[in-house]
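>>> Sequence below, structure please.
(one chain, ligands or ions: 3)
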Amino acid sequence: MTLKIAVLPGDGIGTEIVTQAIAVLDALSLPLEYGHAPVGGAAYEAHGHPLPESTLEVCRKADAILFGAVGDWKYDSLERKLRPEQAILGLRKQFGLFANFRPAILYPELANASSLKPEVVAGLDILIIRELTGDIYFGQPRGRRESPDGEFAGAPEAFDTMRYSRPEVERIAHVAFGAARKRGKRLTSVDKANVLETFQFWKDIMIEVSAQYPDVALDHMYVDNAAMQLVKAPKKFDVIVTGNMFGDILSDEAAMLTGSIGMLPSASLNARNFGLYEPSHGSAPDIAGKGVANPLATILSAAMMLRYTFNRPDAADTIESAVKSVLAQGLRTADIFEAGTTKVGTAEMGAAVVSAIKAGKTISKET
Ligand SMILES: NC(=O)c1ccc[n+]([C@@H]2O[C@H](COP(=O)([O-])OP(=O)(O)OC[C@H]3O[C@@H](n4cnc5c(N)ncnc54)[C@H](O)[C@@H]3O)[C@@H](O)[C@H]2O)c1
Ligand SMILES: CC(C)[C@H](C(=O)O)[C@@H](O)C(=O)O
Ligand SMILES: [Mg+2]
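Numbers count the residues shown, from 1 in each chain. Ligands and ions are numbered 1, 2, ... in the order given. Okay, the predicted model is just below:
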């Protein structure tokens, strides 16, 4: 059966890193078929919209989406609905991709690249599960108006709505408990129940759902404390489940523990395991076009695609082992470079992963 992948490179470093992920996928000799489409600023330039119907159609025909990144400062003055970031938000909403998996794993070779002391992060392997289609990101109403009351009545104001419905919290809770059950059986629900009604509701539902998972130990942490604990004692966490905005912030923080945001992959899944796979980072306009971006987060996202949507854990393992092997060889992009290692660019890093896959295949054929 052919596995159909919609390839949406997007903007900035998006094209550079997705090119490498495709080369890695191609090295696996699987029956893959690609449909390419512009997204974000690139789609705005080509079609006047960051997520045109033609791009959505390519995604609808696919089994999974491989996404690079979108955004550039030059689009900041566009009206919001035309800004590149609306494309990724639109894809998440349109395909119901409510469950976002962001694993933060420290490869032993990168212990010194982490912003924390090696002993604090050695062996780190945590999973952040971020609810992705609700919360203040999508709540209505939102906008600008004249302040209706209070001390500043009559003054211009802006507002967003933080909200979660019961089914939205229940379904992410089940995903998180299910994931924790397959790992260390510990789940930390991160909230702000001491201040926000939305997150007291979230916490109440987490406790309710936990009754169905007696083998998983649930605890709760306020998001401010979680941000602190992530840099104090990150290994105490196993699986974290949290809302859309807290998950956005905490996952960037967790990325640095692994050495670089260029190492953090992600999978965004809906109820039928259709997924969008993208690095957790953005389009990095500051380094775009220079050939220095780290492609490993995107390559590891492609591995997640094989594991989650295509049910090919063997192929995912092959990619992950190849990544470990290039790191063991001492190859580093600039973001994870340290003295004594070899600095390589985006294309060289991708090519090294491809070579490691091919070398691995040769070895397994010979043995
Ligand atoms: N899913 C997405 O498409 C996505 C995610 C985050 C940000 N963005 C967008 O990207 C643009 C830039 O945002 P930002 O600067 O806040 O975040 P960013 O993640 O693009 O960059 C933050 C910093 O990390 C570095 N970095 C990021 N990825 C890297 C990689 N693979 N290798 C080496 N270094 C890397 C960048 O050079 C930069 O210094 C904005 O328009 C933002 O909205 C898009
Ligand atoms: C670009 C932006 C909309 C996006 C988010 O906030 O979800 C990004 O930061 C991410 O983490 O995927
Ligand atoms: Mg983010």
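>>> and the chain, which residues reach ligand 2?
For the chain, the residues in contact with ligand 2 (C-beta under 6 Å from any ligand atom) are 85, 88-89, 248, 280, 282. Using the backbone N, CA and C atoms, a C-beta is placed for each residue, glycine as well.
>>> Lowest pLDDT pick from those residues?
Lowest pLDDT among the residues of the chain next to ligand 2: S280, with 91.
>>> May I have the phi/psi pair for that one?
For S280, the backbone dihedrals are phi -80, psi -10 (criterion: degrees, to the nearest 10).
>>> A180 is in what secondary structure piece?
helix 166-181 (DSSP states H and E).
>>> just to revisit the earlier point, from the residues of the chain next to ligand 2, list the ones also adjacent to ligand 1.
Answer for the residues of the chain next to ligand 2 near ligand 1 (C-beta under 6 Å from any ligand atom): 85, 88, 282.
>>> With neighbour count and secondary structure as added columns, please give these in JSON lines.
Below are those laid out as JSON lines (neighbours: other C-beta atoms under 10 Å; DSSP: H, G, I helix; E, B strand; the rest coil):
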{"residue": "E85", "neighbour count": "17", "secondary structure": "helix"}
{"residue": "I88", "neighbour count": "25", "secondary structure": "helix"}
{"residue": "G282", "neighbour count": "22", "secondary structure": "coil"}
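>>> Look up the closest residue to the closest residue to ligand 1 within the stretch 151-300 of the chain, ignoring the ones flanking it.
Closest contact between the stretch 151-300 of the chain and ligand 1, by C-beta to the nearest ligand atom, is at G282 (2.3 Å). Excluding the flanking residues, the one nearest G282 by C-beta to C-beta, 6 or more residues apart in numbering is A69, at 4.9 Å.
>>> State the distance from that neighbour to T342.
26 Å (C-beta to C-beta, to the nearest Å).
>>> Looking at those two, which one has more neighbours?
A69 (32 against 11; other C-beta atoms under 10 Å).
>>> how about the strands in the stretch 101-250 of the chain?
Taking DSSP state E, counting those that start in this stretch to define them, one finds strands in the stretch 101-250 of the chain at 125-131, 143-146, 156-159, 186-191, 217-222, 239-242.
>>> G350 is nearest to which of the ones you listed?
With C-beta to C-beta as the measure, strand 125-131 is the member of the strands of the stretch 101-250 of the chain nearest G350 (24.5 Å).
>>> Flag every buried residue along the closest one.
Applying a neighbour-count criterion of 16 or more other C-beta atoms under 10 Å, one finds 126-131 buried in strand 125-131.
>>> neighbouring contacts of it?
Defining contact as C-beta atoms under 8 Å, 6 or more residues apart in numbering, one finds that strand 125-131 is touched by 98-106, 164, 168-169, 172, 175-176, 179, 183, 234-235, 237-244, 246-248, 250-251, 254.
>>> For beta bridges, what are the partners of Y277?
L66, A267 (DSSP bridges).
>>> isn't it right next to R307, touching?
No. Using C-beta atoms under 8 Å, Y277 makes no contact with R307, being 10.0 Å away.
>>> Which one of the two is surrounded by more residues?
Y277 (26 against 19).
>>> picking up where we left off before, I'd like the strands of the stretch 101-250 of the chain as JSON lines, with mean pLDDT and distance to L110 appended.
JSON lines is the format used below for the strands of the stretch 101-250 of the chain (pLDDT from 0 to 100; distance: least, C-beta to C-beta, whole Å):
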{"stretch": "strand 125-131", "mean pLDDT": "97", "distance to L110": "13"}
{"stretch": "strand 143-146", "mean pLDDT": "96", "distance to L110": "43"}
{"stretch": "strand 156-159", "mean pLDDT": "97", "distance to L110": "40"}
{"stretch": "strand 186-191", "mean pLDDT": "98", "distance to L110": "24"}
{"stretch": "strand 217-222", "mean pLDDT": "98", "distance to L110": "26"}
{"stretch": "strand 239-242", "mean pLDDT": "98", "distance to L110": "21"}
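>>> That'll do, ta.
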